[in-house]
Structures are given as structure tokens and as C-alpha cells.
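Chemist: I would like the atomic coordinates for the input below:
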Amino acid sequence: MEEINPIAEKKIEVGVPRGSVTGDLRPHEFRSRTFRNTRWLRIWLPPRYDAPENSRRHYPVLYLNDGQNLFECETAFAGVEWQVDETADRLVRQEVIPPLIIVGIDNAQSDRMKEYLPFRSLNPPVLRPQGKRYPDFLMNEVMPFVFERYRIARGPENTGLGGSSMGALISLHTVMEKPGWFGHLLLESPSLFISNRRILKLARHLRQWPTRIFIAIGTRESGREDKDRQVVEDVRLLTKILHSAGLDENRLQVRIDEGADHNEAQWAKRFPEALTFLFGGPAF
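Modeler: Okay, here's the model as predicted:
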């Protein structure tokens, strides 16, 4: 089980896809100028992406952090993946959601905490965070790279972002820094408590939120009653802020998952519900 400490290093194996993937997963080794490092982008394509009749079709895209954990047990933390490929393939074939492209952005291993943390933190001690660079990394490097190689539909209505734990924190920070760019946001077990809950204080001032937001938290994220109660209350506070900004149940879905803890198995379990809410419905 992954501990609730969101900046503990995730020791996960780096490498190309091997065997357990459902559908077409294409790895790209990616060099970042922003962070001056190299990682993998893992790009999952929907069924029949290469079919001749779809050659001019452009697809919605969902960018997800901690890409190592999404598609394969071999590369995932503790050997447990989100089953993103199996879930997306099933929901597309059942016509619950439209065909879409999912981009897993690998974390930077030992520098994960720095890249996903936009604020200085004394507890835990991170005095030189790099998370303020993340929106530029995503929008000026990763997204153009994907646009050049795949048929991506443009506009916020076709663009989603998400992650879990610290990956959720940096996703929330990004949509707040770049309002109007992302129409779908997935926050699984978000680390809202970082830096004395600064992200919540900043969120009060934002009015242009994504069209659809899915937030989920377990009631046993840490295993300590006081901390568990606080992380749930943080999500309730974010929910209140979003309601005040005008998001109703058609735009915001919040799941308080009784008994759920802080790990990939829980995020995989909730992913079908999240993906259906974010991209499904009569809109497509």
C-alpha cells in the first residue's frame, strides 16, 4: 500500500510497455527542456484509431500524471495499476464514452516531489519545488509533442487532466494557473493539505473552472483517524468552494469512499465512474 505521504518517492520501474496492455499503447521517450530530464510518455489509442474510415477523425484527450502506474503492473507502484487501458477500452466499446486518447505522463522518479509541488513546504521539507514550471512543461512541451503525432481534437471540451495524490495537486494547480484550457479534471485522493492548504486558499478566487470535475477521497487514506478526518474535510471544503463558483451536480461529482485507503487499487476501482462522468453523457 502506498502511504498517504504524497511526496514519498515512488520506486517504480521505468520502461516500455510489456505484455499486459489492452489495446494500442505507444511509448515515446521524451526529453523535457523545462525540467532538463527524460521520461516516457505512454499514449493509449482508442479502438480502430488506425482504421481507414477514421483517418480524418480527431479525438478528445485525457492527460494523466504518474504514467507508470496507469497501464501495466510491471511498471506500477507495488505492482498495482489503474487499469486505464482495460477500463477505457470497455467503456468505448460499450459506447458509454466517446473514443478518446489517454496520455500517461511518467513522473520524474526521485524528482517527483519537486515537480508535483508548486509551493515551498516546511513539513515535509521541500524548499526548492519546481511545480510552478509544470503548466509550461505540459502545455508548451508535452501537448505540442502529442499534437504533432496524433489526431487530437482542440478546445477545452476535448481536453482533460488528472492524477492522484500529489499528481492530483499539480493537476489542480495547473487548471487554476491556466483557466479555460481544460474542460475535464480528475482529482483522486488530492493532497490538499500541502503547504498549509495553500491550494484551497487560492481556489477561493477562481471562477473559471473546468466544465466537469470528478473528485474522490477515501475515509481511511492514512490509517490515522485524525488525518483521515482532515483529508475528507479538505475535500468537502474544496467542494464548497466549487459550489460557490457555480458548479452543480451536472458539473461536479464528489465521491467520499467509505473505508477506502490511499493506493492504486482504489483509484483503479473508481476510474470507470470518473471516466464516465468526465467524458460520457449526451454531449457526445
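Chemist: in stretch 77-90, what's buried?
Modeler: Residues of stretch 77-90 classed as buried by neighbour count (16 or more other Cβ atoms under 10 Å): 77, 80, 81, 82, 83, 84, 85, 86, 87, 88, 89. (Glycine included, C-beta is placed from N, CA and C.)
Chemist: okay, the second one and residue 221: tell me how far apart.
Modeler: Remark: distance between residue 80 and residue 221 (Cβ to Cβ, to the nearest Å) = 16 Å.
Chemist: ok, now the last one?
Modeler: Counting by Cβ to Cβ, the gap from residue 89 to residue 221 is 29 Å.
Chemist: widest-spaced pair of the buried residues of stretch 77-90?
Modeler: By the measure Cβ to Cβ, 77 and 89 form the most distant pair in these, at 22.2 Å.
Chemist: strands along the stretch 1-150 of the chain, start to end?
Modeler: With strands called from DSSP state E, counting those that start in this stretch, the stretch 1-150 of the chain shows them at 24-32, 37-45, 61-65, 101-105, 121-122, 125-126.
Chemist: of all the ones you listed, which lies closest to residue 237?
Modeler: Among the strands of the stretch 1-150 of the chain, the nearest to residue 237 by Cβ to Cβ is strand 121-122 (19.3 Å).
Chemist: the closest residue to residue 270 other than its chain neighbours - how many residues pack around it?
Modeler: Nearest-residue entry for residue 270: residue 216, 5.1 Å, with adjacent residues in sequence omitted and distances by Cβ to Cβ, 6 or more residues apart in numbering. Residues lying near residue 216 (other Cβ atoms under 10 Å) number 25.
Chemist: and residue 216, that's in a strand?
Modeler: Yes: the assignment for residue 216 (DSSP: H, G, I helix; E, B strand; the rest coil) places it in a strand.
Chemist: who are the neighbours in contact with it?
Modeler: 187, 188, 189, 254, 255, 256, 257, 267, 270, 274 (Cβ atoms under 8 Å, 6 or more residues apart in numbering).
Chemist: grab the nearest non-local neighbour of the second one.
Modeler: Among residues not flanking residue 188 along the chain, residue 164 sits closest, at 3.9 Å (Cβ to Cβ, 6+ apart).
Chemist: does that neighbour touch residue 267 like I think?
Modeler: Yes: between residue 164 and residue 267 there is a contact at 5.0 Å, judged by Cβ atoms under 8 Å.
Chemist: shared neighbours of those two, anything?
Modeler: What both residue 164 and residue 267 touch, as defined by Cβ under 8 Å, 6+ apart, is the set 188, 189.
Chemist: now do the same end-to-end measure for stretch 29-46.
Modeler: 21 Å (Cα to Cα, to the nearest Å).
Chemist: average pLDDT for that stretch?
Modeler: The pLDDT scores in stretch 29-46 average 98.
Chemist: do the same with stretch 183-192
Modeler: If you average the pLDDT values across stretch 183-192, you get 98.
Chemist: distance between the ends of it?
Modeler: 21 Å.
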